[in-house]
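**Q** got a predicted structure here, sequence first:
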Amino acid sequence: MTDLSIKYLGLTLSSPVIAGSSDFTASVKQVVEMANAGAGAVVLKSVFEEQILMEIDAQRTNNMFESYTDNENHVAFYTRQHEVQAYLDLIRDAKKQAGIPVIASIHCSTNDSWVDFAKEIEKAGADAIELNIFILPSHVNETDLMITDRYMDIIGSVKKSTRLPVALKVHHYFTGMSNFMVNLSWQSNALVLFNRFFNPDINIDTMTIGSGDNFSQPSENGLVLRWIGILRPHVKGDLAATTGIHDGAAVVKNLLAGADVVQIATALYKSGPGVITRMNDFLKDWMQANNYQKIQDFRGKLSYAGAKNPALYERAQFMKYFSGLGR
Ligand SMILES: Cc1cc2nc3c(=O)[nH]c(=O)nc-3n(C[C@H](O)[C@H](O)[C@H](O)COP(=O)(O)O)c2cc1C
């Protein structure tokens, strides 16, 4: 019997394919659709600190709450409560109706205004929290240490506020990448690699900056495969792969590199919930063809565990290709 079940964040999932945070996980109806299609879990659409602030005052999205006068604070508090209530209802109802683990998601960049919300999420019945920590290292005066400290402060505050397992969804713009990822893994229960920024684009006719393609390409998954493969032997908790996973073959590749689960979004937008069923079917067929009964039988089989120095390993691959030796 082929068994697709896997442990993630201490929860038992019936499949390693998770519907990642997106519009497909923004309502109870959609969450149920994801469950019916065979998703092992859902990560709900994020509640955004910035989004809440934007509703209050579009001009002050960067100022955070301390810059508001008393009256404005009241408005801020009211609006925040309102948003929060809707999100908590979503958790409660999704839990009741979907029958699969529900992971709440908070999109954040500071360690204060949303920490209490983690407690409320726990009370509403979520199975875990995913923190999408969105700090683009774009300030020229902010050093790598200042940035990594901000991450640690955020995680520390949330961990104090809730007993739920916490996954960290992070980007890949770090100095000392492996070392920092391993440190993060000791402070959390899982790493979700990688957060995908919506990149800018420039319109040369209107001379304006806009946003580029919001959807990933399959080729973007190479970066994820590399870092999952490098980090697998060293991290403490679980690893979730996300970005560029569009079909069943990509699911298998990420598990072989060392991911416990995969999270998908673009594939849902392009193909609808049925893509989850097809991914599960492909995975099952591939496991049967290769005589694997459980995911654990092959998970991480192609990580970099055997490579003493992954940088040398990657350089050797590079030289093989560019020197013509590999042809
Ligand atoms: C339209 C859209 C909305 C998204 N909304 C969220 C969100 O609310 N919170 C979040 O953490 N990630 C969000 N994501 C990111 C996805 O969860 C995922 O990490 C990313 O798109 C990479 O996976 P993919 O290649 O399968 O799209 C969104 C992605 C898309 C395309």
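**A** Cool, got the structure.
**Q** give me the number of residues near R150?
**A** R150 has 16 neighbours, counted by other Cβ atoms under 10 Å. (Glycine included, C-beta is placed from N, CA and C.)
**Q** that one: what's it in contact with?
**A** R150 sits next to 109, 111, 135 when contact means Cβ atoms under 8 Å, 6 or more residues apart in numbering.
**Q** just S219 next, same as before
**A** Neighbours of S219 in contact, by Cβ under 8 Å, 6+ apart: G244.
**Q** could you check how far it is from L225?
**A** Noted for S219: a distance of 11 Å to L225, by Cβ to Cβ, to the nearest Å.
**Q** the ligand contacts on the stretch 1-150 of the chain?
**A** Within reach of the ligand by Cβ under 6 Å from any ligand atom, the stretch 1-150 of the chain has these residues: 20-23, 45-46, 105, 107, 132.
**Q** taking those residues together, which two end up most distant?
**A** Put simply, by Cβ to Cβ the two of these set farthest apart are D23 and N132, 15.0 Å from each other.
**Q** the more surrounded of these two?
**A** The neighbour comparison of D23 against N132 (other Cβ under 10 Å) goes to N132, with 21 against 11.
**Q** tell me the SS of that one?
**A** Following DSSP: H, G, I helix; E, B strand; the rest coil, N132 is assigned to strand.
**Q** was I right to think it contacts S46?
**A** Yes - using Cβ atoms under 8 Å, N132 makes contact with S46 at a distance of 5.6 Å.
**Q** overlap in contacts, the two.
**A** Jointly contacting N132 and S46 under the rule Cβ under 8 Å, 6+ apart are 21, 105-107.
**Q** among those residues, which are located in helices?
**A** Within the shared contacts of N132 and S46, no residue falls in helices by DSSP state H.
**Q** in strands, which of the residues you listed appear?
**A** For those, membership in strands holds for 105-107, with DSSP state E as the criterion.
**Q** out of these, grab the one that's most surrounded.
**A** The most neighbours of any of those, using other Cβ under 10 Å, belong to S105, which has 27 neighbours.
**Q** in contact with it, which residues?
**A** S105 makes contact with 21, 43-47, 129-132, 169, according to Cβ under 8 Å, 6+ apart.
**Q** pipe those into a markdown table and attach pLDDT and distance to I204 per row.
**A** Shown next, in a markdown table, are the contacts of S105 (pLDDT from 0 to 100; distance: Cβ to Cβ, whole Å):
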| residue | pLDDT | distance to I204 |
| --- | --- | --- |
| S21 | 97 | 33 |
| V43 | 98 | 37 |
| L44 | 98 | 38 |
| K45 | 95 | 33 |
| S46 | 93 | 33 |
| V47 | 88 | 36 |
| I129 | 97 | 42 |
| E130 | 98 | 38 |
| L131 | 96 | 38 |
| N132 | 95 | 32 |
| K169 | 98 | 33 |
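**Q** which one of the residues you listed is nearest to V235?
**A** Nearest to V235 among the contacts of S105: K169, at 14.4 Å, using Cβ to Cβ.
**Q** for the nearest residue to that closest one once chain neighbours are set aside, pull up the helix or strand it's in.
**A** Spatial nearest neighbour of K169, excluding adjacent residues (Cβ to Cβ, 6 or more residues apart in numbering): V192 at 3.8 Å. For V192, the element it lies in under DSSP states H and E is strand 190-193.
**Q** name the residues that touch stretch 281-295?
**A** With contacts defined as Cβ under 8 Å, 6+ apart, stretch 281-295 is touched by 1-6, 15-17, 247-249, 251-252, 255, 298.
**Q** span of that stretch from start to end?
**A** The straight-line separation of the ends of stretch 281-295 (Cα to Cα, to the nearest Å) is 14 Å.
**Q** report the rounded mean pLDDT for that stretch.
**A** Stretch 281-295 carries an average pLDDT of 98.
**Q** so which bits of that stretch are buried?
**A** Across stretch 281-295, burial judged by 16 or more other Cβ atoms under 10 Å covers 282-284, 286-287, 292, 295.
**Q** show me what counts as buried in stretch 107-126.
**A** Buried residues in stretch 107-126, counted by 16+ other Cβ under 10 Å: 107-111, 113-115, 117-118, 120-122, 124, 126.
**Q** could you do stretch 125-139 as well?
**A** With burial defined by 16+ other Cβ under 10 Å, the residues of stretch 125-139 counted as buried are 126-135.
**Q** before I go, just wanted to say thanks for your time.
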